[in-house]
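predicted model, plus sequence, below.
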Amino acid sequence: RTTVTSAYDALRADGYVESRQGAGTWTALPNGTPLSARHALAEDRTLIDLACVAPAAPPGFDECVAAAVAELPRHTGGPGYEPLGQAVLRRAIAARYTVRGVPTLPEQILVTTGGQHALWLVLQTLVRPGDPVLVESPTYPHALDALRRARARLVPVGVNAGWDLEFIAGGMRQGAARLAYLIPDFQNPTGRLMGDDDRAALVATARATGAYVVSDETFAELAVDDVPRPRPLAAHDTDGRVISVGSVSKLVWGGLRIGWIRAGQALVRRLAEARDAVDLASPVLEQLIVTELLGQVEPIVAARRATLRERREALVAALREELPGWEFTVPPGGL
C-alpha cells in the first residue's frame with residue numbers, strides 16, 4: 001500500500017494524474033489537456049502528429065483558388081452574409097448528392113464552416129441536456145467532444161466487428177435515443193463500410209422510434225478498394241429522419257473549413273436560424289474555391305484514392321513484417 005501511495009504521489013507531482021477528494025484519481029498530461037498537446041505539435045513542423053489524419057491539398061488546388069479569386073468581384077457588391085450558403089455552391093453540393101443516388105434540391109443544403117460546425121448546429125437544434133444520443137464505439141473523438149458539450153447522454157454501441165443492427169435497434173428503443181450519430185461510410189476509425197440492407201434497416205428503426213440519424217459522410221468519397229458502394233443513408237429516408245453531414249476537409253484540404261448539411265427544407269431553415277448566434281455565414285471566398293473544386297472532383301477523388309492505396313499498402317506490409325503475430329482487418333477505404 002505504501003508503494004502504491006508513493007507511486008500516485010510521484011505521478012501527481014509530475015502532472016500525470018489529478019485527484020480530487022471524494023472524486024477519485026484520473027490520468028492527465030503534464031503540460032495540460034490532450035488538446036493543448038495537439039496545439040503544441042501543430043507549431044512544430046518537424047514532428048508528425050499520429051492522432052491527426054488530414055491530407056495536404058491535392059494537385060490543381062492553386063488553380064481553383066485563382067479561379068475563385070477571379071470570380072470573387074461578382075459577389076462583393078452584396079453584403080456577403082448568406083446564412084444558407086452561396087447559391088452556386090449549394091447547387092453543386094445538391095448535384096453531387098443527386099449523382100450519388102439521392103435526388104436533392106439546393107434548398108435542402110446548408111453550407112457550414114466545416115463538418116464539426118455542421119454537427120454542432122444539429123446538436124444545438126435537436127438535442128437538449130440529458131437527451132440520449134446513440135454513438136458508435138469507437139468513433140470520431142471530436143464528435144464526442146461536441147456531444148459532451150451539448151450535455152447529451154451517450155448510448156454507445158460497438159462497431160469493432162461491424163454494425164449489429166439488432167443491438168443498435170435495441171439501444172435506440174430502450175435508450176429512447178433522440179438522435180443517433182453514425183459514420184456508415186468507411187467508419188472513423190475502423191474504416192468499415194455499412195451495407196445497403198443494414199442502412200435500410202437502420203432508417204426503418206429510426207422511423208419506428210422517432211429518432212433522427214446524423215450520417216457523417218466526411219469519408220464517403222474515399223474508397224480505397226473497388227468495392228460495391230451502397231447508396232447514401234438518405235436514399236432510404238422518406239420522412240426526413242436522416243441528416244447528412246459532409247465536408248471537404250478529408251477529400252480536399254482541412255484548411256478550407258467548408259462543410260454542409262443535407263436535410264429537409266424546414267429543418268435546414270431551423271439550422272440556419274441556429275447559426276445566427278455563432279458565425280452568421282461561412283466565408284464567401286472559401287465557398288467559391290470549393291465550388292471550383294467540386295467542378296473537377298473526379299480527378300481529385302482518383303488522385304486521393306491512389307495516394308491512400310499506396311500508403312495503406314506500405315503500412316500493411318510493415319505490420320506483417322515487423323509484427324507477424326498480429327491479426328488485423330485491412331479496411332476498404334477511409335483515412
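Structure's in. What do you need?

could you use CA atoms for every contact and neighbour count after this?
OK.

show me the helices in the stretch 1-150 of the chain, by range?
Secondary structure of the stretch 1-150 of the chain (DSSP state H, counting those that start in this stretch): helices located at 2-14, 34-43, 61-71, 87-99, 115-126, 141-149.

nearest to residue 81, of those?
Among these, helix 87-99 comes nearest to residue 81, with 11.9 Å by Cα to Cα.

how about the CA coordinates for the closest one, as CSV?
These are the backbone C-alpha positions of helix 87-99, laid out as CSV (Å, rounded to 0.1, in the frame of the first residue of the first chain):
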residue,chain,number,x,y,z
ALA,A,87,-26.3,29.5,-54.1
VAL,A,88,-23.7,28.3,-56.6
LEU,A,89,-22.2,26.0,-54.0
ARG,A,90,-25.5,24.7,-52.8
ARG,A,91,-26.4,23.8,-56.3
ALA,A,92,-23.1,22.0,-56.8
ILE,A,93,-23.5,20.0,-53.5
ALA,A,94,-27.1,19.1,-54.3
ALA,A,95,-26.0,17.9,-57.8
ARG,A,96,-23.3,15.7,-56.2
TYR,A,97,-26.0,14.1,-54.0
THR,A,98,-28.2,13.5,-57.0
VAL,A,99,-25.3,11.8,-58.8
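
can you check the pLDDT for residue 228?
pLDDT, residue 228: 89.

tell me, how many residues neighbour it?
Neighbour count for residue 228, taken as other Cα atoms under 10 Å: 10.

okay, and it sits in which element?
Counting by DSSP states H and E, there is no helix or strand that carries residue 228.

in the stretch 151-300 of the chain, which spans are strands?
153-158, 179-182, 212-216, 242-247, 259-262 (DSSP state E, counting those that start in this stretch).

deepest of the helices of the stretch 1-150 of the chain, which one?
helix 115-126 (a mean of 20; mean count of other Cα atoms under 10 Å).

now do stretch 51-67: distance to the chain's middle.
Centroid separation between stretch 51-67 and its chain, computed with Cα atoms, centre = their mean, to the nearest Å, is 18 Å.

hmm, who's touching that stretch?
Residues outside stretch 51-67 that contact it (Cα atoms under 8 Å, 6 or more residues apart in numbering): 249-254, 289, 292-293, 300, 303-304, 335.

rerun at 7 Å
250, 252, 253, 254, 289, 292, 293, 300, 335 (Cα atoms under 7 Å, 6 or more residues apart in numbering).

burial count for the third one?
Read it as residue 253. 18.

how close does it sit to residue 282?
As judged by Cα to Cα, to the nearest Å, residue 253 and residue 282 stand 16 Å apart.

for the stretch 201-335 of the chain, give me the ranges with low pLDDT.
The model of the stretch 201-335 of the chain has no residue with pLDDT under 70.

now do the helices in it.
Going by DSSP H, counting those that start in this stretch, the stretch 201-335 of the chain shows helices at 265-274, 284-294, 297-322.

looking at these, which is nearest to residue 188?
The nearest among the helices of the stretch 201-335 of the chain, by Cα to Cα, is helix 297-322 at 14.9 Å.

give the buried residues for the closest one.
297, 300, 301, 304, 305, 308, 309, 312 (16 or more other Cα atoms under 10 Å).

now that helix and helix 284-294, what's the angle there?
80 degrees (axes from the mean of the first three to the mean of the last three Cα atoms, to 10 degrees).

ok, residue 286 to residue 267 distance?
Taking Cα to Cα, one finds residue 286 at 24 Å from residue 267.

again with residue 141
26 Å.

so how many other residues sit close to residue 207?
Residue 207 has 18 neighbouring residues, counting by other Cα under 10 Å.

OK, contacts around the closest residue to it other than its chain neighbours?
Counting by Cα to Cα, 6 or more residues apart in numbering, residue 241 is the residue found nearest to residue 207 once chain neighbours are left out, at 6.7 Å. By Cα under 7 Å, 6+ apart, the residues touching residue 241 are 206, 207, 211, 212, 213.

kindly export stretch 281-295 (C-alpha atoms) in CSV.
Extracted as CSV, the C-alpha positions of stretch 281-295 are listed here (Å, rounded to 0.1, in the frame of the first residue of the first chain):
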residue,chain,number,x,y,z
ALA,A,281,-22.4,32.7,-42.6
SER,A,282,-19.4,30.9,-44.0
PRO,A,283,-16.6,32.8,-45.8
VAL,A,284,-17.5,33.6,-49.4
LEU,A,285,-14.1,33.1,-51.0
GLU,A,286,-13.7,29.6,-49.5
GLN,A,287,-17.2,28.7,-50.8
LEU,A,288,-16.1,29.8,-54.3
ILE,A,289,-12.9,27.7,-54.0
VAL,A,290,-15.0,24.6,-53.0
THR,A,291,-17.4,25.2,-55.9
GLU,A,292,-14.4,25.2,-58.3
LEU,A,293,-13.0,22.0,-56.7
LEU,A,294,-16.4,20.2,-57.0
GLY,A,295,-16.4,21.0,-60.7
